[in-house]
Structure formats: structure tokens, C-alpha cells
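> predicted model follows, preceded by the sequence.
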Amino acid sequence: MKYRVKHLLEYGFLRGMAWVVGVLPYRIALAVAWGLAFIGFHLVRFRRAEAERRIRLVFGDRYEEREVRRIAWESLRNLMFTAVDIIRSPSLTLERFQAIADCDFLAALKEQKERGQGAVIAVPHMGSWELAGRAMQLLGMPVFSVAGKQRNPLFDRYLNRARERAGIPITLRGAGSLREIVRRLEQGGFLAMLPDVRMREEGVRVRFLGGEANVGPGMAMFARHTGVPVYPILMRRTGWARHEGRMHAPVLADPGMEKQADIQRMTQAVLDVVERGIREDPGQWFWYNKRWVLDPVPSGRER
């Protein structure tokens, strides 16, 4: 069989839910997502114990057990809400986006575009993070992204097609993609990246959430190579159907520094911004990732 039964079942469920949330009014689609999150959290208890363990690990005794459960619940609920936003993003209009979101970064990025300069956009797994790229695309900015392959090839193709229908071209991660990414940045493109992803191989070791994280060097590497800034942007869901996005001070390369030291410095600066955002509102962050960001990489490579 070309596809595993598990992959077929996951894909069938995804397409069914995509059809449901695509035809329903937005708030009703979110209510369906809320119901699925409720079942996953309270009945199936999908990765709940692990998410709560991670929250305790990071925050210690800052939160009582009730608060830990609340944070874990909000994180899963927001993930389901974000899935709705991804599915519906191709039909999102600029007028609708402006009605539901308050984003201070759009004017600054528009000025960057008018200067003919690109940028690296660092958007962590917070709020409805995919909306940042869609908002830029709606304003005519040449935003693109880099993606690795999902384990389920059917899901992988569906997700990449959804992003491309929303006007965000995808470059598949790999050695052959480096030249393409550099070319796009030098031509004024905006590279959207997730900075809070644990790498399977040795990358850049940074202080993060009270531990050490091994994250990718690409964000800083591309910015330094092309001379573009890195803009950390944090998305936040302020209600079921309301969002805000805040841009923090750009992180710039220092040509006078040794290359690896500069990449380390830039990466740490971005992750410091992400950590502050998580600590201020932990329910906005995705605590359920299978690759826990603070897990070490044994012997330089994940087995």
C-alpha cells in the first residue's frame, strides 16, 4: 500500500473537518473547533500530561495545578482555532483581516518593501501565527516560507497547498533550497520562519525557558548573508475571533563579529523576545509539540 492506514484515516478526518469549517460561518466553525479541543483535552486527554509537565518544568511553582490545566487547555484550544484559520485563510480578505486583527507590524514592513528591501520574519508558535504571513500577502508583500516534510505525506501536501492558495509560496527545506532563499531575500522577499523549533541535528544552542534549546541557524544565517533585518513578531489571540500582532525591535547582523558568534547572538536575541512573550501569556504558546524544544540532541544527532 502506498500510504499507511493511519495516514489515510488522518487525511480523511482532515478533509472532512476542512469541508465543515470551510462552509460554516467563522464563529460557528470556531465553536466546532472548541468542541474538538474539549474532547481532546478532557476525554481523550491528548498529550495533556506531557503539556502540563512542560508547563511545570518551565514555571516551577509559579502556577497552581488549576492554572497549569488552564494554560494547557488554552494552548490546545488555540491550536484548534489556528487550524480553522489555516483552512479558511485562502478566502480571507484584507477588509475582513482589518476587522478582526490589530497588527502594528504591517506599516513598518510596508515601508521596508517600499525601500526594496527584504526581511526575515520570526513568528513563533503563538496565537494564530499563520495569520501574520497571510496579512502580509494581503498587502502585496512578497512573503514566502520554508517548510520541512510532515510524516503524513497526504497531510503535508494538503498543508502546503493551503499555504500556497493563500499566496504564500513554500520552499522545501534542504540543501538545494539555500540558493533559492537567498535569491528571494536579495530580491526584496520576506522570509517567514518559526524560530522556536527544536532541530534534529546540532544547530544553535540558546538559553530558553530556563533551559537550553537547540534551534536552527537559518534565521540568523540568511539575515547576515543578505544584510536584511530579522523582525520578531508575536501574534496573540485576544478573543475567539480577535487577534493582535506586535513587532519587536529588529535584530541586525554585525559584520564586524565572527560569523558563528554573530549567528549565536542574533538567534539568542530573537529567542529572548519569544521567551518574554511566553512568560507573559503562556496559554498563547503551543506546548504540545512532539519535539519538545528543551530536549537535548544526543551525540550531535537525534536518533
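That came in fine, so what should we check first? Numbering: from 1, shown residues only.

> all contacts plus neighbour counts: C-alpha atoms, from now on.
Will do.

> where do the strands sit along the stretch 101-250 of the chain?
101-103, 119-122, 143-147, 170-172, 190-193, 204-208, 211-215, 230-239, 242-247 (DSSP state E, counting those that start in this stretch).

> would you turn those into TSV with distance to Phe38?
Shown next, in TSV, are those (distance: least, C-alpha to C-alpha, whole Å):
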stretch	distance to Phe38
strand 101-103	25
strand 119-122	30
strand 143-147	29
strand 170-172	32
strand 190-193	30
strand 204-208	30
strand 211-215	31
strand 230-239	17
strand 242-247	20
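
> worst average pLDDT in these?
Of all the strands of the stretch 101-250 of the chain, mean pLDDT reaches its minimum on strand 170-172 (a mean of 64).

> can you pull out the helices in the chain?
5-23, 26-38, 48-59, 65-88, 94-100, 105-114, 130-138, 153-165, 177-186, 218-226, 259-280 (DSSP state H).

> of the ones you listed, which shows the lowest average pLDDT?
Ranked by mean pLDDT, the helices of the chain bottom out at helix 153-165, with a mean of 66.

> related to what we said a few turns ago, which one, of the strands of the stretch 101-250 of the chain, ends up nearest to Leu43?
Nearest of the strands of the stretch 101-250 of the chain to Leu43, taken as C-alpha to C-alpha: strand 230-239 at 24.3 Å.

> who are the packing partners of that closest one?
If you count contacts as 3 or more C-alpha pairs under 8 Å, 6 or more residues apart in numbering; DSSP states H and E, strand 230-239 packs onto strand 119-122, helix 218-226, strand 242-247, helix 259-280.

> which residues touch that strand?
78, 105, 119-124, 126-129, 132, 219-220, 223, 243-252, 270, 273-274, 277, 284 (C-alpha atoms under 8 Å, 6 or more residues apart in numbering).

> Met126 reaches Trp287, doesn't it?
No. Met126 is beyond contact range of Trp287, at 9.9 Å (criterion: C-alpha atoms under 8 Å).

> list the residues that contact both of the two?
By C-alpha under 8 Å, 6+ apart, no residue touches both Met126 and Trp287.

> could I get the strands of the stretch 101-250 of the chain as CSV with distance to Arg184 and mean neighbour count?
Below are those laid out as CSV (distance: least, C-alpha to C-alpha, whole Å; neighbours: other C-alpha atoms under 10 Å):
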stretch, distance to Arg184, mean neighbour count
strand 101-103, 24, 19
strand 119-122, 10, 25
strand 143-147, 9, 21
strand 170-172, 11, 16
strand 190-193, 8, 24
strand 204-208, 24, 18
strand 211-215, 23, 20
strand 230-239, 15, 22
strand 242-247, 22, 18
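
> nearest residue to the middle of this protein?
Geometric centre of the chain, nearest residue: His125, 3.8 Å, by C-alpha atoms, centre = their mean.

> coming back round to it: can you list the helices and strands packed on strand 230-239 in CSV and add distance to Phe59?
Shown next, in CSV, are the helices and strands packed on strand 230-239 (distance: least, C-alpha to C-alpha, whole Å):
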stretch, distance to Phe59
strand 119-122, 24
helix 218-226, 27
strand 242-247, 24
helix 259-280, 8
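
> so which of those is nearest Gly35?
strand 242-247 (18.8 Å).

> what's the angle from the closest one to helix 130-138?
With axes from the mean of the first three to the mean of the last three C-alpha atoms, to 10 degrees applied, the angle from strand 242-247 to helix 130-138 works out at 80 degrees.
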